[in-house]
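[1] Here is a sequence together with a model predicted from it:
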Amino acid sequence: MRIIAIIVAIVLLLIVGLNSTFVVDERNQAIVTQFGKPIGEPITSPGLHFKIPFIQVVQFFDRRFLEWDGDANQIINQDETLIFVDTFARWEITDPLQFFLRLRDERNAQSRLDDILDGETRNAVASNTLLDLVRSTNREPETTDDYLEELDVLEEIRVGRDAIEAMVLERANNRVTDLGIRILDFRFKRVNYSEEVQQNVFERMRSERNRIADQFKSEGQGEARAIIGDKERDLAQIRSEARREAQEIRGRADAEATRIYAEAYNRNNQSRELYQFLRTMEAFEKTMDDKTTIIMSTDSDFFKFLRRVND
């Protein structure tokens, strides 16, 4: 019995000891509550800590940056255009005691942030144009194409996306000062047209692209006609010069042949008769074939040469 009593006492001491100590690591911070009410100051330093067993309870809270992911909502902006806006933010627990008193846990904190950040987002979107929501600066477009000159001018923005995000962050932080939390960052994740508006936007984009394509096509056809015209002109000039050069060559050749014939014809009687004979034979070849029948007199040149050949 004594051994059993000792074992029971040891077990009870272990249970009491384990229940009277707790460890806070570098990721957490804690407060101690007694019957649901906070006791003492928040514990923010890592290490081993003590509490009254069974009476006091430790509430742990995350010290790390926490995520808030908003739902995509349809909001009407200053242009009276219905757009989808999706946002996200990062926040942290700065005062665990105040956080516990006002929000109790992270789920309630997320719900409260939904109300605050969604509300400030709607106010910011409704007060600004779509250009201010998607652009941050009045940058100059970098293009050197002449045909895009009319597209080079971008409409100037008044506020800009970065300034709107900073404004939402500041206003939201002003509303959470008594909640023991601080919003570290707020960003627009996505800004897009609603489904109904998208179709009209895409149709305008297609019309604009078709207009540019028609402009390209018209300029290309004009350039093609100019190239074809230059080609036809150059081709006609080349043909004309070729014909002229051919006529000149043919004229020089005919003149040279005539000169040679004349020299040979005037050289002696035998040569003269030979060339007369050759010219006559060429005439026969060009004017008659195997189906041609001719009648000639005895004093014609053709008959004279044929008679000489027979003699």
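    Yep, it's here.
[2] those strands in the stretch 51-200 of the chain, which residues are they?
    56-62, 66-69, 73-76, 82-93, 181-193 (DSSP state E, counting those that start in this stretch).
[3] which residues touch the third one?
    Among residues not part of strand 73-76, those counted as contacts by CB atoms under 8 Å, 6 or more residues apart in numbering are 82, 83, 84, 85, 86, 118, 121, 122, 125, 126, 194. C-beta here means a position set from N, CA and C on the backbone, and glycine is covered the same way.
[4] which one of these sits closest to residue 103?
    residue 118 (17.0 Å; CB to CB).
[5] before we move on, the earlier item: distance to residue 238 added to the strands of the stretch 51-200 of the chain, as a markdown table?
    Below are the strands of the stretch 51-200 of the chain laid out as a markdown table (distance: least, CB to CB, whole Å):
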| stretch | distance to residue 238 |
| --- | --- |
| strand 56-62 | 87 |
| strand 66-69 | 74 |
| strand 73-76 | 70 |
| strand 82-93 | 64 |
| strand 181-193 | 60 |
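[6] ok, residue 171 to residue 10 distance?
    59 Å (CB to CB, to the nearest Å).
[7] higher neighbour count, the two?
    Counted by other CB atoms under 10 Å, residue 171 and residue 10 do not tie: residue 171 has more neighbours, with 17 against 10.
[8] The more buried one contacts residue 120, correct?
    Yes. The pair formed by residue 171 and residue 120 meets the contact definition of CB atoms under 8 Å, at 5.0 Å.
[9] what is the orientation angle of the lengthiest helix in the chain with strand 82-93?
    In the chain, taking DSSP state H as the definition, the longest helix is helix 195-267. Counting by axes from the mean of the first three to the mean of the last three CA atoms, to 10 degrees, helix 195-267 lies at 120 degrees to strand 82-93.
[10] helices or strands next to helix 195-267 in the packing?
    Applying 3 or more CB pairs under 8 Å, 6 or more residues apart in numbering; DSSP states H and E, we find helix 195-267 packed against strand 82-93, helix 269-287.
[11] hang on, the earlier thing: tell me the most buried of the strands of the stretch 51-200 of the chain?
    strand 82-93 (a mean of 19; mean count of other CB atoms under 10 Å).
[12] So what's the gap between it and the chain middle?
    26 Å (CA atoms, centre = their mean, to the nearest Å).
[13] partners of that strand in the sheet?
    strand 66-69 (antiparallel), strand 73-76 (antiparallel), strand 181-193 (antiparallel) (DSSP bridges).
[14] what's the burial count for the residue nearest to residue 98 when sequence neighbours are not counted?
    Using CB to CB, 6 or more residues apart in numbering and skipping the chain neighbours, the partner closest in space to residue 98 is residue 180 (3.3 Å). Using other CB under 10 Å, residue 180 has 21 neighbouring residues.
[15] Return the residues in contact with residue 180.
    Residue 180 is in contact with 93, 94, 95, 96, 97, 98, 99, 100, 101, 102, 103, counting by CB under 8 Å, 6+ apart.
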